[in-house]
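> Show me the folded form of this:
(chains A and B)
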Amino acid sequence: MGESLSKKVFKKILDSIQTGKRKKYVKVSSAHLSGISYLNIGDAGLEFLEDLSRSGLRFNVKTTINPGCVDFDLQRECDSEIFDKQRRIVKSLKALGAVESLTCTPYLFDNVIKKNQKVAWAESSAVLYANSILGARTNKEGSLTALSSAILGYTAGIGIHLKRGDKPELLFEYLEKLDNELDYGLLGYAMGLKAGVRIPYLSLKGNVKPCLPYLKQLLASFGTSGGAPIIWIEGVTPGFSRIPKPKEKVVLSRDDLEEVKRMLSEENLSFKNGKTVFITGCPHYSVEEIENLCNALNNVRRLSTEIWVFTSRAAYSRVFEKGLVKTLERKNVRLFKDSCVMYCSLRGSNIQVITNSVKAAYYLKNSFRLRTVLKSLGEFVETHGVE
Amino acid sequence: MYLRVRIVNEGFARGPLLISPQPISFFGGVDPTTGTVVERGHPLQGRSISHKILVLPSSKGSTVGSYVIYSLAKKGIAPSGIVMGKIDTIVSSGAILGGIPLVLVDMSKLLSSFKDGEIVVLDAKKGRLIKEESKGKP
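Here you go, the predicted model:
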């Protein structure tokens, strides 16, 4: 039973998400795939990707892939069956022509894109970064629509690809001061809850030109709670000045941030059982963010609680060359590559997680059922650094 | 009698209707090795969706559901056809990959004239869901 996997099948997938009679397509110059982790796609996903790699089909545009659930240099950390199946997933994707990027930040090294470039990316945090920071255009593709686009070289001409499909619909104002990366994450999540699927325009009165690490947190957490593929950020998003602000306005305050914190963060850690780790790098840390971490730990001899940093292999190799991996290891910091915070050894563990990422807290709490506490890196180092 | 349906994936199937009053999560909610609904508390818990014309309002849960439908189809234990209340990327992608006929229908019309278990023909070429017994008009 069933049709063999062919281009026709993948074109049908792009057609099936379009409601109109006349189907539209948009040529794309790159694709980025989600649904890579074995913990996520399981045996059914593995079976499908292996079938696809044997079908003769190949990717026709540059295609990068999201993280898996293991670090391929740390085999002993993880169940051997999971490790082997994750390896087979990546092997199939490579055979199809994917770049073995294994990162949710493809825009940094492996899939660099420019303003106005049309692409088909899954992974919401990367989609929001591509549109809001780089000025490229992509919908929030699903795993299979992005895969279809990788094979076909075009995507469905809907949503953001329509004329004025990127128009903002709801104005957000935040008038108070945002202190750190966690504040930006909380704000993004609060915006997503209010916006639903509408595209927001964000005016940050007292916070001119936030740095990229802060914006990454804002966008990733917005992508977790909201449906839109872009936030128009005043002073940041390419072309923001020619975009008329929406009439409907929502003013957010510190109270809204605190409410999100109550939803995703335990009041206190329980010290009764289990190990506690501080997890960061969701989205994956860039070289700059790893350097910032080194600076934040300058006066710390060794941390009393481990920090786990998730990053891409590309960024890891660069900071390794600078000698930073060993410096960080001496201070009780471990760096992981190829994987994300949905890491094999965390699932089913009783590890308590402190994190500065709202997105990480959301998934570790809801999918892995871990106890999560939200703290900024600065706040964590203050309480867990041993000078 | 028959109902007009909107075609998402073409095909033709015949079999008993299995009507789910609630959305189904194919990933986690259906055993991919047997085709049995395993979600606790689901109205279809313990029933097999294999070789049925499965009617559901929509799906829910992980997008990996598409791969589960594909996997069921490969093993020959998928539904013979799927009828849904609204368009749904998870199920449509899975049905297309697995070669399962899939149509959209006005759910209230279907529920008022079709019963769980009765034999139907799903003609997802002409766009009709046909009651087998009668040869009348809509």
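
> tell me how far the ends of stretch A:128-140 are from each other?
Terminal residues of stretch A:128-140 are spaced 8 Å apart (CA to CA, to the nearest Å).

> Show the contacting residues for the residue nearest the centre of chain A.
Nearest to the mean C-alpha position of chain A, counting by CA atoms, centre = their mean, stands A:Ser125 at 3.9 Å. With contact taken as CB atoms under 8 Å, 6 or more residues apart in numbering or on different chains, A:Ser125 is in contact with A:Cys104, A:Thr105, A:Lys216, A:Leu219, A:Ala220, A:Gly223, A:Pro283, A:Lys359. Any C-beta I mention is one placed from the backbone N, CA and C, and that applies to glycine too.

> where does chain B dip in pLDDT?
Applying pLDDT under 70 to chain B picks out residues B:134-138.

> let's see it at 90
When residues are selected by pLDDT under 90, those of chain B lie in B:1, B:27-28, B:40, B:58-65, B:86-90, B:132-138.

> Can you name the residues of it sitting close to chain A?
When proximity is defined by CB under 8 Å from any CB of the partner chain, chain B lies next to chain A at B:8-9, B:27, B:32, B:62-64, B:66-68, B:70-71, B:73-74, B:76, B:78, B:87, B:89, B:92-93, B:96-100.

> Let me see the ranges of the helices in the stretch 101-250 of chain A.
Secondary structure of the stretch 101-250 of chain A (DSSP state H, counting those that start in this stretch): helices located at A:124-132, A:143-152, A:181-195, A:212-225.

> Reformat the ones you listed as CSV; add mean pLDDT.
Output for the helices of the stretch 101-250 of chain A, formatted as CSV (pLDDT from 0 to 100):
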stretch, mean pLDDT
helix A:124-132, 97
helix A:143-152, 96
helix A:181-195, 97
helix A:212-225, 96
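
> Reformat those helices as CSV; add distance to A:Glu169.
Compiled in CSV, these are given as follows (distance: least, CB to CB, whole Å):
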stretch, distance to A:Glu169
helix A:124-132, 15
helix A:143-152, 23
helix A:181-195, 8
helix A:212-225, 14
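
> And A:Val319, how far from B:Ile24?
Using CB to CB, to the nearest Å, A:Val319 is found at 46 Å from B:Ile24.

> just A:Gln352 next, same as before
From A:Gln352 to B:Ile24 the distance is 34 Å (CB to CB).

> repeat for A:Ser37
As defined by CB to CB, A:Ser37 lies at a distance of 23 Å from B:Ile24.

> Then A:Tyr362?
In terms of CB to CB, A:Tyr362 sits 24 Å off from B:Ile24.

> and if you look at A:Asn180?
Distance from A:Asn180 to B:Ile24, counting by CB to CB: 42 Å.

> neighbour-wise, which of those two wins?
More crowded of A:Asn180 and B:Ile24, by other CB atoms under 10 Å in any protein chain shown: B:Ile24, with 23 against 16.

> For that one, what are phi and psi?
With angles defined as degrees, to the nearest 10, B:Ile24 sits at phi -120, psi 140.

> Show me the beta-bridge partners of it.
For B:Ile24, the beta-bridge partners under DSSP bridges are B:Ser59.

> ditto for A:Gly385
Counting by DSSP bridges, A:Gly385 forms beta bridges with A:Leu303.

> buried sites along stretch A:53-71?
Within stretch A:53-71, the residues that count as buried by 16 or more other CB atoms under 10 Å in any protein chain shown are A:53, A:57, A:59-71.

> can you check stretch A:25-44 too?
A:25-26, A:28, A:30-42, A:44.

> Quick one: buried ones out of the residues of chain B next to chain A?
Among those, those classed as buried by 16+ other CB under 10 Å are B:8-9, B:27, B:32, B:62-64, B:66-68, B:70-71, B:73-74, B:78, B:87, B:89, B:92-93, B:96-100.

> Of those residues, which belong to helices?
B:27, B:66-68, B:70-71, B:73-74, B:89, B:92-93, B:96-98 (DSSP state H).

> From the chain's centroid, how far away is stretch A:253-261?
How far stretch A:253-261 lies from its chain's middle: 22 Å, per CA atoms, centre = their mean, to the nearest Å.

> typo on my end, stretch B:114-132
With CA atoms, centre = their mean as the basis, the mean position of stretch B:114-132 lies at 11 Å from the chain mean.

> Near chain B, which residues of chain A are found?
Counting by CB under 8 Å from any CB, chain A sits next to chain B at A:1-3, A:5, A:9, A:12-13, A:16-17, A:19, A:35, A:40-45, A:47-48, A:51, A:142-145.

> What about B:Gly61, how many residues nearby?
Counted with other CB under 10 Å, residues neighbouring B:Gly61 total 15.

> Show me the shaky parts of chain A.
Applying pLDDT under 90 to chain A picks out residues A:1-4, A:17-21, A:205-209, A:266-274, A:366-367, A:383-387.

> Show me which strand runs longest in it.
strand A:276-285 (DSSP state E).

> can you give me the strands for chain B?
Under the criterion DSSP E, chain B contains strands at B:2-4, B:6-9, B:11-19, B:53-56, B:81-84, B:102-104, B:119-124, B:128-131.

> Ok, the stretch 1-150 of chain A next?
Under the criterion DSSP state E, counting those that start in this stretch, strands of the stretch 1-150 of chain A are mapped to A:25-27, A:30-33, A:62-65, A:120-121.

> Quick one: closest of those strands to A:Val333.
Smallest distance to A:Val333 across those (CB to CB): 26.0 Å, for strand A:62-65.

> CA atoms only for the closest one, dumped as CSV, please.
Provided in CSV are the C-alpha atoms of strand A:62-65 (Å, rounded to 0.1, in the frame of the first residue of the first chain):
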residue,chain,number,x,y,z
LYS,A,62,21.2,24.2,0.7
THR,A,63,19.6,22.4,3.6
THR,A,64,20.7,22.5,7.2
ILE,A,65,19.3,20.5,10.2
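
> Run the chain-centre distance for it.
15 Å.

> count of neighbours near A:Glu321?
Counted with other CB under 10 Å, residues neighbouring A:Glu321 total 9.

> What distance do you get for it to chain B?
37 Å (CB to the nearest CB, to the nearest Å).

> measure that residue to A:Lys365 for me?
36 Å.

> wait, isn't A:Leu182 in contact with A:Lys375?
Yes. Using CB atoms under 8 Å, A:Leu182 is in contact with A:Lys375, at 6.9 Å.

> who touches A:Lys23 in this structure?
By CB under 8 Å, 6+ apart, the residues touching A:Lys23 are A:Leu14, A:Asp15, A:Ala156, A:Gly157.

> Give me the residues contacting stretch A:292-302.
For stretch A:292-302, contacts defined as CB under 8 Å, 6+ apart pick out A:213, A:280, A:285, A:303, A:307, A:309, A:324, A:327-328, A:330-333, A:377-378, A:381, A:385-387.

> Nearest to chain B: which residue in the stretch 251-387 of chain A?
Nearest to chain B in the stretch 251-387 of chain A, going by CB to the nearest CB, is A:Ser367, at a distance of 9.5 Å.

> for that residue, what are its contacts?
A:Ser367 sits next to A:Met342 when contact means CB under 8 Å, 6+ apart.

> What of A:Ile290?
Counting by CB under 8 Å, 6+ apart, A:Ile290 touches A:Val309, A:Thr311, A:Ala315, A:Val319, A:Leu324, A:Leu328, A:Leu335.

> will you turn the residues you listed into a markdown table that also has neighbour count and secondary structure?
As requested, the contacts of A:Ile290 are arranged in a markdown table below (neighbours: other CB atoms under 10 Å in any protein chain shown; DSSP: H, G, I helix; E, B strand; the rest coil):
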| residue | neighbour count | secondary structure |
| --- | --- | --- |
| A:Val309 | 23 | strand |
| A:Thr311 | 29 | strand |
| A:Ala315 | 24 | helix |
| A:Val319 | 23 | helix |
| A:Leu324 | 19 | helix |
| A:Leu328 | 20 | helix |
| A:Leu335 | 22 | strand |
